[in-house]
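**Q** sequence and predicted structure below; questions after.
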Amino acid sequence: MAGSTYKYIRPEDVRRLSNYEFGVKALVEGFLSGRHRSKERGASIEFAEYRQYVPGDDPALVDWRVYARTDRHYLKTFEQETNMECHIFLDSSASMGFQEEGPITKLEYASFFAACLSWLVVSKNDRVSLQLFDDKIRQFFEPGSTRRHLHKILTALENNHAGEKTSLAEALHRAHPLIKRKGTLVVLSDFFDDPEAIFKALNPYLHRGFRVHLFHVLDPAEMTLPDRGLARFIDMETDHRLVVHTASLREAWKSEIQGHIQSLRRLAAGRQVDYSLALTNQNWFHLFDRLA
Amino acid sequence: MQFLLANSSWLWLLALGAVPILVHLFARSNPQKYRFSNTEFLQRIIKKTARMKKPQDWLVLLLRTLAVLALLFAFLQPLLTSKGEIKVGGKTTIFIIDRSASMAAKDGNTDRFSLACQKAGELLKSSTSDEANIIWMDALPDGIFPQPGPNLDYLRDLLTRAEVSHETASVASALQTAVSQLELIKGRREIVIISDFQSSAWEEFKIKTPKGIDLVKVQIGESALENLSLQSLFASPAEPVIGQDITVTVRVKNFSATPRRTTLFLESGGSRQSTEINIPAWGEAESNFQTRFSDAGLVPMTARIAGDSFPGDDSRHTIVQVRDSLQLVSLSPQDSPEAAALGRLAASLDWLEHRTSASIPVAGSCDYLFVHQWKGQEIEALENLAASGTTIFAKPSLGLTINALNQLFDLNLSDPSSQIAPAQNDGEGWRARISTKSDPDAPAFALFSSGEFGSPAAGLFKTRFALPQVPGLTHFLDYHDGTPALLATSATGAAAPRFLWNLPLNPEETTWPAQSAFVPFTAELLLSSRANGTADQLEILPGSQIAWLPRGGLSPESLTLETTPGTPLETELIMTRDGPRLLSKTPAAPGIYHWKMSNAIVHQQAVNFPPTESDLRLANPDLISGGEVIDASKLLRRAALGDGIPLWHWLIAAALAFLLVESLVTLWKPKPAGSKSTAPAA
């Protein structure tokens, strides 16, 4: 992979990722037992703790030696070690094709991160899945951990392009039955959608125990509204046209976009969802810190 | 309170007030396109701020428009006057507007008279006067109203329709008319003279107005204009007989600092002659044309030069009366031998008719009057006759005093009471000759300069009067002993010369009438002694009415008047002591006018441009004593300042204030109605 020719995996990224001590706190259940510490208690060779027996516990788990010494029923619990399963949702709507102040489009930025994450997950023998969506699921790659699977994902990312309108909530809703095992859900989107609807769509995942990371990808220009004077704004998704004088709306725009971010941040905090703002003029490697 | 605009001619500038609106409309119509990730937020923002933003936009547009309008208004120099509210006594203004011929000169595209009327109109509009009047300054200045009146609108309306006249300006008369109208009026009185202050009319003029009458001079015209002018056209003699050679003299004057060359044309009796003429700078040149006419009657003549920027004086007209014959009247008994001698003379000349009369004929009825026995009687009648163009020949008689000679011939001989004594030569008789004091090139001696006809006074003279030497008279013939035989006064203008004839004509007293030289000499003498005269009676002063007293049984009702191109003019009939008189209803403009009866021309008259109006140099009104020189705009301002306020600086301040408020409004950002984010549905 060091001589990679993939668009979104550059040799320097690979070198950097190779040294990356990646302890994903989101890892919950692994396919390969013993590889990752699981919060699930279960069969394992790694002792976790003793706890008092309560009715309903498996009597086979009672540590009879402790019972002999203390005349009390204690269960000996072990940490369950599993392999990681990471599900990447990549927003490929038209608005992700926007580029103004950042060096690349939002879609390219998100694709770089998705590619690196996929590579990292597969390199640790964990499984990664990818969904490319706009207002519908355009492509879905089931979880896999092979090099071939990684190749498919990277190729799909390269061939991906900004498409139609966004509906993240709809995409999440449709993808839910496709994901069999709980794991880490990484959503890369500009989130130009109703925050309430987004989190409503995330609820089923959260109930199933998914750990969710939301990466809000924005061009820096979208934070301030580019100064274009009097201009006819054409919506990249809906082709809706609007004549505005940017100077007169910039402050209101900043306020509006900050309000939207705050709204997402507030809803995420309430559901223990990790939310992170990713501006395209910043290196995407810092996003891995959110996963550490 | 009322507004007036000092620069009302720039009123069109206000149309520029629409510029901000047009910019607003057209700038929004085709703005730059920009593809953006999401416009829903923008829509939401606009929706939230629309309630404040739209009024804000309209307010900004309004403020910008007001600022531009205020600036434009400032350029128009508006004045706030208190006309109609504040009355400090009454104010009466009389505008004396020069409409003499020189006001037709153009300094640019507009002639001076139009500019004068325009200025007067503006001054009237802005005037704080309660009453006003306009006096046209031409040859006969007259006011629109007999006294200044309050109907200023009528005066303004009249100014838009006024036309320049072809007359000279009678400055003194115009001022006198204005002063006489103001004399009886109380309150503040003002005379405003609007003129080009033509140098020829104003340079020597001193304006005197009574105390209490303000005088303001407003000059129209910027500089002297170059002009080439036909100054005069006259035929000599003015009333030739058929076949007589006449000389038509045309004078051209150059009113410019550079010598000019032009072609001069003369049209007369269907023929056309031309000649090139050089005129020195600020000088004049004269050209003579020779012509003669084969038919009797009135012959119009027109001289022209190539047209220039002041065309009024580029042509000139005259009417020549071609006569069948000239009338010689002998004031003597019909059977006198001397009258018989003149009768024989007339019989030998086709163009001369002779008759005798017992009394002095009326003026205009004869060309020559021979007083055979003048004893010094009826001097005044003879003078009048000479002044009207009749050449007088006075032959002394017994009892003639020196005093009578002094009176008729304007002499100052001594011993006026003494009589002139007759003399008798009982011998062979006296001989006479061309006076040594005479001009040998005089026309009367033209035939005798070659010697072909011998002496003009050949023959012997047995009687004569012992005339003293008479200085001041032109000598034609003298007796050999120096006694004057034929003397004359000079012809001046229309006045004919007066001859003192000291030669007998009675065949018993002289052999001269029987000499071959008698007829040619007397014929030449008669022809050359006619008054130079001008056809004054056929020329009408420009601006006056064309008038004619039809004679010869012509019915006035059947006569019509036409200008040269055949345009009929209205006439009116008035009864005078001499009979019915026809008058044109409109003043005469330069040209030739025909009186017609059944399409036949029965009389002609000419009107010429006044020569003094051709000099377009302007006098400096500062140097004309009296009054204050002020330009029209200052007068407008003063009129407004009388009880008004100039508003331009307030308007500039208002424009700046509007721009300041506009900036503040633009900088003010309305807060959206709800800051809470409620993202729209996808």
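**A** Sure thing, it's come through.
**Q** is the residue minimising distance to the centre of chain A in a bridge, and if so with what?
**A** Closest residue to the average C-alpha location of chain A: residue A:186 at 0.8 Å, with C-alpha atoms, centre = their mean. Following DSSP bridges, residue A:186 is listed with bridge partners residue A:88, residue A:213.
**Q** show me what counts as buried in the host helix or strand of residue A:149.
**A** Secondary structure here is read from DSSP states H and E; on that basis residue A:149 sits in helix A:147-159. Along helix A:147-159, the positions that meet the burial threshold by neighbour count (16 or more other C-beta atoms under 10 Å in any protein chain shown) are A:149-150, A:152-154, A:156-157. For glycine as for every other residue, the C-beta is placed from the backbone atoms N, C-alpha and C.
**Q** and what of stretch A:102-109?
**A** By neighbour count, with 16+ other C-beta under 10 Å as the criterion, the buried positions of stretch A:102-109 are A:102, A:105-109.
**Q** quick one: which of those is nearest to residue B:65?
**A** Closest approach to residue B:65 among the buried residues of stretch A:102-109 (C-beta to C-beta): residue A:102, at 41.9 Å.
**Q** so for residue A:123, what's the pLDDT?
**A** Reading off the confidence values, residue A:123 has pLDDT 84.
**Q** helices or strands up against the longest helix belonging to chain A?
**A** Longest among the helix segments of chain A by residue count, using DSSP state H, is helix A:246-270. Contact here means 3 or more C-beta pairs under 8 Å, 6 or more residues apart in numbering or on different chains; DSSP states H and E; on that basis helix A:246-270 packs against helix A:195-207, strand A:211-218, helix A:220-224, strand A:274-279, helix B:40-75.
**Q** chain center to that helix: distance?
**A** For helix A:246-270, the distance between its averaged C-alpha position and the chain's averaged C-alpha position is 22 Å (C-alpha atoms, centre = their mean, to the nearest Å).
**Q** before we move on, back to that, nearest to residue B:279, out of the helices and strands packed on helix A:246-270?
**A** Relative to residue B:279, the nearest member of these by C-beta to C-beta is helix B:40-75, separated by 47.0 Å.
**Q** next SSE after that closest one?
**A** Scanning the chain past helix B:40-75 towards its C-terminal end, the next helix or strand to appear is strand B:78-81 (assignment: DSSP H and E).
**Q** how about the helices of chain B, start to end?
**A** Counting by DSSP H, chain B forms helices over residues B:19-29, B:40-75, B:112-126, B:152-161, B:171-183, B:199-202, B:337-347, B:379-387, B:402-409, B:518-528, B:632-641, B:648-667, given from the N-terminal end onward.
**Q** turn these into CSV, including mean pLDDT.
**A** Shown next, in CSV, are these (pLDDT from 0 to 100):
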stretch, mean pLDDT
helix B:19-29, 75
helix B:40-75, 83
helix B:112-126, 86
helix B:152-161, 87
helix B:171-183, 88
helix B:199-202, 81
helix B:337-347, 91
helix B:379-387, 89
helix B:402-409, 90
helix B:518-528, 89
helix B:632-641, 58
helix B:648-667, 88
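**Q** out of those helices, which gets nearest to chain A?
**A** Between chain A and the helices of chain B, the tightest spacing by C-beta to the nearest C-beta is seen for helix B:40-75, at 4.4 Å.
**Q** show me what the closest one is packed against.
**A** Applying 3+ C-beta pairs under 8 Å, 6+ apart, we find helix B:40-75 packed against strand A:241-245, helix A:246-270, helix B:19-29, helix B:648-667.
**Q** alpha carbons of stretch B:255-264, as CSV, please.
**A** Extracted in CSV, the C-alpha atoms of stretch B:255-264 (Å, rounded to 0.1, in the frame of the first residue of the first chain):
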residue,chain,number,x,y,z
PHE,B,255,-16.3,97.0,-40.3
SER,B,256,-13.4,94.7,-39.5
ALA,B,257,-9.7,94.8,-38.8
THR,B,258,-8.8,92.9,-42.0
PRO,B,259,-9.0,94.2,-45.6
ARG,B,260,-11.8,92.6,-47.5
ARG,B,261,-12.5,91.9,-51.1
THR,B,262,-16.0,91.2,-52.4
THR,B,263,-18.0,91.2,-55.5
LEU,B,264,-20.4,94.1,-56.0
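**Q** that stretch: which residues count as buried?
**A** Those would be B:255-256, B:260, B:262, B:264, for stretch B:255-264 by 16+ other C-beta under 10 Å.
**Q** before we move on, what about stretch B:151-169?
**A** Of the residues in stretch B:151-169, those buried under the neighbour-count criterion (16+ other C-beta under 10 Å) are B:152, B:155-156, B:158-159, B:162, B:164-169.
**Q** could you dump the residues you listed into a markdown table and include distance to chain A?
**A** Conversion of those to a markdown table gives the following (distance: C-beta to the nearest C-beta, whole Å):
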| residue | distance to chain A |
| --- | --- |
| B:152 | 52 |
| B:155 | 55 |
| B:156 | 49 |
| B:158 | 55 |
| B:159 | 52 |
| B:162 | 55 |
| B:164 | 58 |
| B:165 | 63 |
| B:166 | 65 |
| B:167 | 67 |
| B:168 | 68 |
| B:169 | 65 |
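**Q** so can I have a markdown table of the residues you listed showing distance to residue B:355?
**A** A markdown table is the format used below for these (distance: C-beta to C-beta, whole Å):
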| residue | distance to residue B:355 |
| --- | --- |
| B:152 | 66 |
| B:155 | 61 |
| B:156 | 65 |
| B:158 | 58 |
| B:159 | 60 |
| B:162 | 55 |
| B:164 | 51 |
| B:165 | 46 |
| B:166 | 43 |
| B:167 | 43 |
| B:168 | 43 |
| B:169 | 48 |
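**Q** nearest to residue B:390, of the residues you listed?
**A** residue B:168 (31.1 Å).
**Q** per-residue pLDDT of that closest one, please?
**A** 86.
**Q** how many other residues sit next to residue 222?
**A** Defaulting to chain A. Using other C-beta atoms under 10 Å in any protein chain shown, residue A:222 has 25 neighbouring residues.
**Q** can you look at chain B instead?
**A** Each residue near residue B:222 was counted by other C-beta under 10 Å, and the total is 11.
**Q** one step back: the helix holding residue A:149 - contacts with which helices or strands?
**A** Using 3+ C-beta pairs under 8 Å, 6+ apart as the contact test, the elements touching helix A:147-159 are helix A:106-123, strand A:127-133, strand A:137-144.
**Q** who wins for proximity to residue B:26 among those?
**A** With distances scored as C-beta to C-beta, the stretch of those nearest to residue B:26 is helix A:106-123 (35.5 Å).
**Q** restrict the closest one to CA atoms and write it as PDB.
**A** Once side chains and other backbone atoms are set aside, the C-alpha atoms of helix A:106-123 remain, and they are given as PDB (Å, rounded to 0.1, in the frame of the first residue of the first chain):
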ATOM      1  CA  LYS A 106     -16.200  19.200   0.700                       C
ATOM      2  CA  LEU A 107     -16.800  15.800  -1.000                       C
ATOM      3  CA  GLU A 108     -13.100  15.400  -1.700                       C
ATOM      4  CA  TYR A 109     -12.200  16.300   1.900                       C
ATOM      5  CA  ALA A 110     -14.700  13.800   3.300                       C
ATOM      6  CA  SER A 111     -13.500  11.200   0.800                       C
ATOM      7  CA  PHE A 112      -9.900  11.700   1.900                       C
ATOM      8  CA  PHE A 113     -11.000  11.100   5.500                       C
ATOM      9  CA  ALA A 114     -13.200   8.200   4.700                       C
ATOM     10  CA  ALA A 115     -10.500   6.500   2.600                       C
ATOM     11  CA  CYS A 116      -7.900   6.900   5.400                       C
ATOM     12  CA  LEU A 117     -10.300   5.600   8.000                       C
ATOM     13  CA  SER A 118     -11.200   2.700   5.800                       C
ATOM     14  CA  TRP A 119      -7.500   1.900   5.300                       C
ATOM     15  CA  LEU A 120      -6.800   2.200   9.000                       C
ATOM     16  CA  VAL A 121      -9.700  -0.100  10.000                       C
ATOM     17  CA  VAL A 122      -8.900  -2.700   7.400                       C
ATOM     18  CA  SER A 123      -5.200  -2.500   8.300                       C
END
